[in-house]
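[1] sequence below, structure please.
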Amino acid sequence: MPSPQLFFETINAFQRTAAIRAALELDVFTAIADGHNTSAALATHCHAAERGMRILCDNLTVIGFLVKRGSEYALTEDSNVYLNRHSPVCVAAAAEFWGSKMQRDTYEDLATTVRNGGVTVSALGNTEAEHPVWVKYARGMAPVAALTAPSIAAMVGPASKVLDVAAGHGVFGIAVAEANPGAEIVAVDWEPVLQVSKENAAKAGVADRYRTIAGSAFEVELGDGYDLVLITNFLHHFDPATCEVFLRRVHRALKPGGRAATLEFVPNADRVSPPYDAGFSLVMLASTPGGDAYTFAEYSQMFSNAGFAKNEMHRMKERSCALIVSTK
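    Sure, this is the predicted structure:
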């Protein structure tokens, strides 16, 4: 029978966002992992009211982040791996970026954005060197990047001179450096962001092979002779013509036979599957003047127009996204 349930769930979806943000702020998942598994114990440990903690944890159970047996709460397997701060692959810090007020505000008047076909100026500050959002992104999204970085390093294979464009946290370039002991990594980003990538390079023990170029990837001198250029979560911010301008710069920076490895959300030709990749186009509509989630055919055309000879796409197993390897 027809049902309004999907409408009710969607119009109230902001409540789920608020619940997970509250749980992360109170560090509920780590507290449960440490044995504080009743509402009373959690209230004492997290400095909250017992009623508030009970209702929050019951809601997290309904959503699927917790399980409840009698009066005791426990983490699901996913929550234990990805939201318990003791876990080496905890992604809770990503909420600092994805759950920020700036992100939420981009959807406040989406109908007007739809009428206009985008925003006049990017809410993500793509052209602002000192925009603090990208430092927040670099610090918060590093654990998410770490989920796919080792697989990407394995897919691209041997590399000796690597350019990491819009490096952010630097995790992707660092993974290539770890997989190739002789590789030199050159990271491009704004100076405040590069401080984060250099910190991560030092922690990984590759700082002696890691150098940086501060500034816009559209304007700075990139150098040449690279056998690999990493373009991760970058092209979706721009319209195709702008992407092609940038890709011609990448083409010139690569040596003959060099490759560009592009990590992106890539929907199928129907533009509605896979769900997360396809849904990412709305993020770009709400936050950029002309960005999009492009199909493989669209990316192939951009790379071909920029002079690349061949493109191959590989779906990532770890999360919803794809790696496109383009050969000069």
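
[2] longest strand of this protein?
    Ordering each strand of the chain by length in residues (DSSP state E) puts strand 254-264 first.

[3] got a list of contacts for that strand?
    148, 152, 155-156, 172, 224-233, 235-236, 247, 250-251, 293-294, 299, 303, 308, 316, 321-328 (Cβ atoms under 8 Å, 6 or more residues apart in numbering). C-beta: built from backbone N, CA, C; applies to glycine.

[4] for the stretch 101-250 of the chain, just list every one of the helices.
    101-105, 110-116, 133-156, 171-179, 191-204, 240-253 (DSSP state H, counting those that start in this stretch).

[5] low-scoring stretches of this protein, by residue?
    For the chain, the stretches flagged by pLDDT under 70 are 122-131.

[6] tell me where it has strands.
    Counting by DSSP E, the strands of the chain are 66-69, 72-75, 161-165, 184-189, 210-214, 226-232, 254-264, 310-315, 322-327.

[7] quick one: closest of those strands to residue 1.
    Closest approach to residue 1 among the strands of the chain is made by strand 66-69 (30.4 Å; Cβ to Cβ).

[8] contacts for that closest one, please.
    With contact meaning Cβ under 8 Å, 6+ apart, strand 66-69 is reached by 32, 57-58, 60-61, 73-76, 79.

[9] same list, those, but as a markdown table with neighbour count and distance to residue 281 please.
    Converted to a markdown table, the contacts of strand 66-69 look like this (neighbours: other Cβ atoms under 10 Å; distance: Cβ to Cβ, whole Å):
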| residue | neighbour count | distance to residue 281 |
| --- | --- | --- |
| 32 | 26 | 36 |
| 57 | 23 | 35 |
| 58 | 14 | 35 |
| 60 | 26 | 29 |
| 61 | 15 | 32 |
| 73 | 26 | 37 |
| 74 | 14 | 37 |
| 75 | 21 | 33 |
| 76 | 16 | 30 |
| 79 | 22 | 29 |
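
[10] quick check, nearest of these to residue 199?
    residue 79 (27.8 Å).

[11] got a list of what the closest one touches?
    29, 65-66.

[12] got it, and residue 85?
    27, 29-30, 92.

[13] neighbour count and distance to residue 17 for these - can I get that in CSV?
    What follows is those, written out as CSV (neighbours: other Cβ under 10 Å; distance: Cβ to Cβ, whole Å):
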residue, neighbour count, distance to residue 17
27, 18, 18
29, 27, 16
30, 20, 20
92, 21, 14
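
[14] distance to residue 113 for these - can I get that in a markdown table?
    Formatted as a markdown table, the contacts of residue 85 follow (distance: Cβ to Cβ, whole Å):
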| residue | distance to residue 113 |
| --- | --- |
| 27 | 35 |
| 29 | 34 |
| 30 | 37 |
| 92 | 29 |
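
[15] does residue 102 touch residue 133 like I think?
    Yes - counting by Cβ atoms under 8 Å, residue 102 does reach residue 133; the two are 6.3 Å apart.

[16] got the phi/psi numbers for residue 222?
    Phi and psi for residue 222, reported as degrees, to the nearest 10, are phi -80, psi -20.

[17] who does the closest residue to residue 309 other than its chain neighbours form a beta bridge with?
    Nearest non-adjacent residue to residue 309, counting by Cβ to Cβ, 6 or more residues apart in numbering: residue 327, 5.5 Å away. Here residue 327 sits in beta bridges with residue 259, residue 310, going by DSSP bridges.

[18] pretty sure residue 327 contacts residue 310?
    Yes - if you go by Cβ under 8 Å, residue 327 and residue 310 touch, sitting 4.5 Å apart.

[19] neighbour count for these two, which is higher?
    More neighbours surround residue 327 than the other of residue 327 and residue 310, with 15 against 12 (other Cβ atoms under 10 Å).

[20] show me what contacts the more buried one?
    Residue 327 touches 257-259, 308-311, counting by Cβ under 8 Å, 6+ apart.

[21] got a PyMOL select line for the buried ones in the residues you listed?
    Here is the PyMOL command that selects the buried residues among the contacts of residue 327 (16 or more other Cβ atoms under 10 Å):
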select buried, resi 258+259+308+311
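
[22] possible to save the contacts of residue 327 as TSV with distance to residue 17?
    As requested, the contacts of residue 327 are arranged in TSV below (distance: Cβ to Cβ, whole Å):
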residue	distance to residue 17
257	46
258	42
259	38
308	39
309	44
310	41
311	36
